[in-house]
Structures are given as structure tokens and as C-alpha cells.
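> please work out how this folds:
(chains A and B)
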Amino acid sequence: MEANPRSTGRLPAAFLTPGSSSFMDFLGEHSPELLPGKRVLPPVQGVIQAPHGTTIVAASFPGGVVLAGDRRATMGNMIAQRDIEKVFPADEYSAVGIAGTAGLAVEMVKLFQLELEHFEKVEGAQLSLEGKANRLSTMIRSNLGMAMQGLAVVPLFAGWDVDREKGRIFSYDVTGGRSEEHGYAATGSGSIFARGSMKKLFREDLAEEQALTLVIQALYDAADEDSATGGPDVGRRIYPIVTVITDEGFRKLTEAETSEIAHAVLERRREQPDGPRAALL
Amino acid sequence: MSTPFYVSPQQAMADRAEYARKGIARGRSLVVMQYADGIVFVGENPSRALHKFSEIYDRIGFAAAGKYNEYENLRIGGVRYADLRGYTYDRDDVTARGLANVYAQTLGTIFSSAGEKPYEVELVVAEVGTSPEGDQIYRLPHDGSIVDEHGSVAVGGNAEQISSFLDQRHRDGMSLAEALKLAVQALSRDTNGGEREIPAERLEVAVLDRTRPQQRKFKRIVGRQLSRLLGADDAAAAPTEAPSDEEAPEDEA
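Numbers count the residues shown, from 1 in each chain, chains lettered A, B, ... in the order given. The predicted model follows:
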């Protein structure tokens, strides 16, 4: 058993010691070297070159919340990957999208998913949405050392709040600062453009389909202005990852569904390259 | 001066085993059984919060009879073991066989170490496969032995009698409702052959359902779904028999 190679195969005492319901706390006590935040950082000159994920957007609608991300990862001026996935389910009722250093971000998501699942199994109940959002804060904070060396991870967290019965969005900064966003939010290099786009299109009373179209419009606008954000790649059939969370739980749209919305958006943009117009007053 | 008296190892072990068995026998029995779409766990449990069954990992479930604080401790140890292993390697590298071995070692060490009181628990570790042939059920008695079980298994106070009842009646490919009713029937028989009624509120039921689209196959069956499954024979007997068609959508709900 990897937990203790010299043992007789019996569960080590740490496993049977009553303690916290957090997997990270357990890992911190039992094998701290496995925690990303506990790594010793070597002195580095300049910025480390590593693939970066770019734009994540989210929007809420009366029955839930939509979280979507483009598919491009860049390393400097190069495209590192064209079909990277940056939006993941965190558990049954929440999802997390990640911008920033791809390798660390994916690791953080894996640990975050495990943290929520572990709590749920040990306690027999789910964490509150607020609790999940706070947990993510702690994880980003533990990455602060790396963030200072240019390896920042900036997630966007969205979920269905079972108690308040509504979709909620949380955004973060590199220091773990957490803020709840109302209506819509974006993070990553293309987020300025995506946010501008959503600002003009968002309404409180969007239907689910409209919210799904809204985030794809926003990603299109981000890709249009930001070279690090990838638009729908029709030639390779690579479309944004779009997820929706309602009271029925997490759902990732199929490729057919996203391609349909993306094609509708592209079709309109052929006639009107800047997209839908808002009234001047 | 008193002379230290001698107890033969056989006698010491027999005493410890009897102690553990008596403790386990005080608890109510539970049943773990294969059905067409997976593995079902059924037990009598008046508590809604303190579970006898629980999820360990994606395809692995846990059932225990005996002393609550002891098996709860083992359960959490198992969750930690599985999560750590899945985190270090991959989710597919967490197996019921591996977990059962760790439990067996743990129980065995506790049982044979003179300084510790033997655990009064009997565990079942089950893993649902992609097909019924891939299902695995391991029974772990208090002394750390492992028994690889097929079809159905009962642990707890009245386990032997229930097991033999189930062995005669369990068959492969039962629907969930059939398996559930058989399990309840088996659990309602008391030691002297009489039957008593176990109301649905006192039942704890969970499944490892291989048809679930989620990665995590463990699911508790409660409330309306449970009473529907238990009452399915009334509905099926009255009109035409269509139990298998009826169950599929129910499971999804």
C-alpha cells in the first residue's frame, strides 16, 4: 500500500484516528508532500513558461447558472493546445472553470473535487455552496507562492445553492480573495471583452437557452479581441465547453448541442461581425 | 506470591472470537445481494442519520454489522485509503479487492494483538462491475479473514439462517424490486422461524447501480422510490406483469 510501504498492510494509525472531514487536512497530516501548497519553491529568475488557460465566463438565469470556457491554451505567443478543457464539475451541484497556469489549475481542480467528495462521504451530507466557495479560496491562497512566480491560478466557481434555490457565481483573485458576482462574470485574459459583451446582452430574466447563447456570444467576442482566447474551431469541430447547473444538478452540453449554438452565432456574425446590438438608450 | 496462570493460545483465541461474535450478534443483520443492474444493500436500521451502508469510492460500497463506533472508524479509514490512492494514482486503481485486503490486515492485526480488544464488527465490501460477472462481494468477519461471496450474503446476528434462506431463493438477474423484497423477507424471519413486519421507515436501502450515468454508482433508496419498489408486486399483480419495464425509469428518478 502506497500509504506506508513499510507497514504490514494494516491501515496506518492516522487513517483510523478521528479527525476532520477534510481530505486536505488529512493529506496535510499524513503525507504533506502531496499537497500542492506544501511544495518547496526553487529560486527562479524571470517568468516560467508554461501553458496558460484563458477565458472562462459564467451567467446566471432564473433556474440556474451557466459556466463555459474556450478551448485554447497558450504558452507565450504559441498555441500550446487547441482542445484543452478548463471547465469541470466540482460535484453534483457545482462546477469550476479555470484560467491561469494549466498544469497547476488542473491539479487544483482534482484536489477540489476530491475535497468535496471526501467531505460528502465522511459526513453523509454535502457542504453548503458557501462552504465549497470558501474551500476553493483556501486552496488558491495555498498557491500564493507559485502565483508570485507567475504561476497563478484564477478560477470561477458556479453552482446551484440548494438552500437559497438559485444559481450563484463566485470569482477569485490570485490571493484567494473571493467575491460573489451577480448576473454574470468572467476571468482570464479575454475576460475584459467577454464581460463587456455580457454587460450589453445580459438580462435578469433570460431563459436557459438564451443564457447558453449569451456565454457563447461572450466567448466569441473574447476570441475576437484577445489572441489567447480561441473561438469555435469549425474546421476541427472543437467548440467551447458549456455546462449548466440547475436544481437537477450539473450537466455538460454535448458536442452536438454546443456546435448548434456556436453555428447559429457564427451564422449571424457573418452578416453582423460585431454581434447583436443593444439599443442606444 | 501468585503464579501467573497459563492460557493456551487456542483458548485465548477462542475467547476473543467468542467475545467478538457475541458483540456482532447483538446487532441486527443486513443483506448484500446482486441484482440485474448491480448490488443492493438492505438492512433494518431505525436511525436515519447513522448509516450501516455507505459509499467508499466510485464503484465500491461498504456495509457493516456490529459496534457502530468501530465500524465507523473503519469506514472512514477506508474512505481515506481510497481517496488517497485515487489521488496518488488514478480512480481506476482503487479496487474492492485492495480495500478488502487492507481491512482484513487491519482486523487481523487487531484480533491477534493481545493488547487490543478485538473489534466486534463484520464488514462487507462490494464493488459493482460493468456486467454482473464483474461484481465482487467480500465478507470480512471480525478475525480478519476474507470470504469471496457470490449472489447474496448476510452478516450480523442472525446471519447464518438468513444466508441459507437467501441461498435457496436468490437467482441471477433478479430485478431490483424482486431482490429488495427477497431481502426484506429474509430479514423479517426471526430466530425461531416466525415472521414479523419491518415497516419501510425502518429499512435502510442503498444500491451500487452500474447503469447510473455518474462516475459514482452508490445511491441511497429512500422515501417514495423505496415504497414504490416494495409495493411493486401489488401493482404488478393487478394489471399485467411488467416489472422489468417499470423499474428502469424508476431507477433514474
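
> what about the helices in chain B?
B:9-26, B:68-88, B:96-112, B:159-169, B:176-187, B:223-230, B:232-237, B:243-252 (DSSP state H).

> isn't B:M174 right up against B:A36?
Yes - with contact defined as CB atoms under 8 Å, B:M174 counts as touching B:A36 (6.3 Å). To be clear about C-beta, it is placed using only N, CA and C from the backbone, and glycine gets the same treatment.

> now A:D91: closest residue in space that isn't a chain neighbour?
Spatial nearest neighbour of A:D91, excluding adjacent residues (CB to CB, 6 or more residues apart in numbering or on different chains): A:L116 at 4.5 Å.

> contact partners for the one you found?
Taking CB atoms under 8 Å, 6 or more residues apart in numbering or on different chains, we find A:L116 in contact with A:90-91, A:94, A:126-127, A:132, A:135.

> next, it: phi, psi?
Dihedral angles of A:L116 (phi, psi; degrees, to the nearest 10) stand at phi -70, psi -40.

> and it, how far is that from B:I56?
Per CB to CB, to the nearest Å, A:L116 is found 16 Å from B:I56.

> same deal with B:G77?
For B:G77, the distance to B:I56 (CB to CB) stands at 10 Å.

> go on, A:H118?
As judged by CB to CB, A:H118 and B:I56 stand 11 Å apart.

> list the residues that contact both of the two?
Joint contacts of A:H118 and B:I56 (CB under 8 Å, 6+ apart) are B:V79.

> let me see the contact set for the most centrally placed residue in chain A.
Note on chain A: the residue nearest the mean C-alpha position is A:G97, at 1.0 Å, using CA atoms, centre = their mean. By CB under 8 Å, 6+ apart, the contact set of A:G97 is A:56-58, A:67-69, A:86-88, A:155-158, A:187.

> which ones among those residues also lie next to chain B?
Applying CB under 8 Å from any CB of the partner chain to the contacts of A:G97, one finds that nothing falls near chain B.

> could I get these as TSV with secondary structure?
TSV is the format used below for the contacts of A:G97 (DSSP: H, G, I helix; E, B strand; the rest coil):
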residue	secondary structure
A:I56	strand
A:V57	strand
A:A58	strand
A:L67	strand
A:A68	strand
A:G69	strand
A:K86	coil
A:V87	strand
A:F88	strand
A:P155	strand
A:L156	strand
A:F157	strand
A:A158	strand
A:T187	strand
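
> rebuild the residues you listed as CSV, extending it with pLDDT and neighbour count.
Below are those laid out as CSV (pLDDT from 0 to 100; neighbours: other CB atoms under 10 Å in any protein chain shown):
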residue, pLDDT, neighbour count
A:I56, 97, 33
A:V57, 98, 34
A:A58, 98, 33
A:L67, 98, 31
A:A68, 98, 32
A:G69, 97, 30
A:K86, 95, 28
A:V87, 97, 25
A:F88, 97, 22
A:P155, 95, 26
A:L156, 97, 29
A:F157, 98, 28
A:A158, 98, 34
A:T187, 96, 26
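
> from the residues you listed, which is closest to chain B?
A:F88 (12.2 Å; CB to the nearest CB).

> distance check, the residue nearest to the spatial centre of chain B against B:F53.
In chain B, the residue lying closest to the centroid (CA atoms, centre = their mean) is B:A63, at 3.6 Å. Note on B:A63: its distance to B:F53, by CB to CB, is 5 Å.

> between these two, what contacts are shared?
Contacts common to B:A63 and B:F53, judged by CB under 8 Å, 6+ apart, are B:30, B:41, B:43.

> assign A:R168 to helix, strand or coil.
Per three-state DSSP, A:R168 ends up strand.

> so what pLDDT did it get?
For A:R168, the model assigns a pLDDT of 97.

> ok, it - contacts?
Residues counted as contacts of A:R168 (CB under 8 Å, 6+ apart) are A:60, A:65, A:129, A:158-161, A:180.

> follow-up on the earlier one: I'd say the residue nearest to the centre of chain B and B:N45 touch.
No - if you go by CB under 8 Å, B:A63 and B:N45 don't touch, sitting 10.8 Å apart.

> still on that earlier bit, what would the shared contacts of B:A63 and B:F53 look like in JSON lines with distance to chain A, neighbour count and pLDDT?
Below are the shared contacts of B:A63 and B:F53 laid out as JSON lines (distance: CB to the nearest CB, whole Å; neighbours: other CB atoms under 10 Å in any protein chain shown; pLDDT from 0 to 100):
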{"residue": "B:L30", "distance to chain A": "17", "neighbour count": "27", "pLDDT": "94"}
{"residue": "B:F41", "distance to chain A": "15", "neighbour count": "26", "pLDDT": "97"}
{"residue": "B:G43", "distance to chain A": "16", "neighbour count": "27", "pLDDT": "95"}
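
> from the residues you listed, pick the one nearest B:V128.
Nearest to B:V128, judged by CB to CB, of the shared contacts of B:A63 and B:F53 is B:F41 at 11.2 Å.

> ok, that closest one - contacts?
B:F41 touches B:30-32, B:52-53, B:61, B:63, B:124, B:126, B:204-207, counting by CB under 8 Å, 6+ apart.

> which of the residues in the worst-scoring helix or strand of chain A on mean pLDDT are buried?
Across the helices and strands of chain A, mean confidence by mean pLDDT, DSSP states H and E is lowest for helix A:144-148: a mean of 85. Judged by neighbour count (16 or more other CB atoms under 10 Å in any protein chain shown), helix A:144-148 contains these buried residues: A:146-147.

> show me what that helix is in contact with.
Contact with helix A:144-148 is made by A:37, A:41, A:101, A:104, A:140, A:152-153, A:174-176, as judged by CB under 8 Å, 6+ apart.

> let me have those in CSV, extended by distance to chain B.
Shown next, in CSV, are the contacts of helix A:144-148 (distance: CB to the nearest CB, whole Å):
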residue, distance to chain B
A:G37, 15
A:L41, 22
A:T101, 20
A:L104, 15
A:I140, 19
A:A152, 23
A:V153, 18
A:V174, 24
A:T175, 26
A:G176, 22
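
> can you tell me which of those residues are buried?
Neighbour-count burial (16+ other CB under 10 Å) is assigned, among the contacts of helix A:144-148, to A:37, A:101, A:104, A:140, A:152-153, A:174, A:176.

> looking at those residues, which is nearest A:T213?
Nearest member of those to A:T213, counting by CB to CB, is A:V153, at 28.6 Å.

> show the backbone phi and psi for the closest one.
Backbone torsions for A:V153, taken as degrees, to the nearest 10, come to phi -130, psi 120.

> partner residues bridging it?
A:G100 (DSSP bridges).

> can you tell me how far it is from A:T74?
From A:V153 to A:T74 the distance is 15 Å (CB to CB).

> do B:V128 as well
Distance from B:V128 to A:T74, counting by CB to CB: 42 Å.

> these two: which is more packed in?
Shown here are B:V128 and A:T74; by other CB atoms under 10 Å in any protein chain shown, B:V128 has more neighbours (27 against 21).

> spatially, what comes nearest to the more buried one if we skip its sequence neighbours?
Leaving out its chain neighbours, the residue that sits closest to B:V128 by CB to CB, 6+ apart is B:L208, at 3.8 Å.
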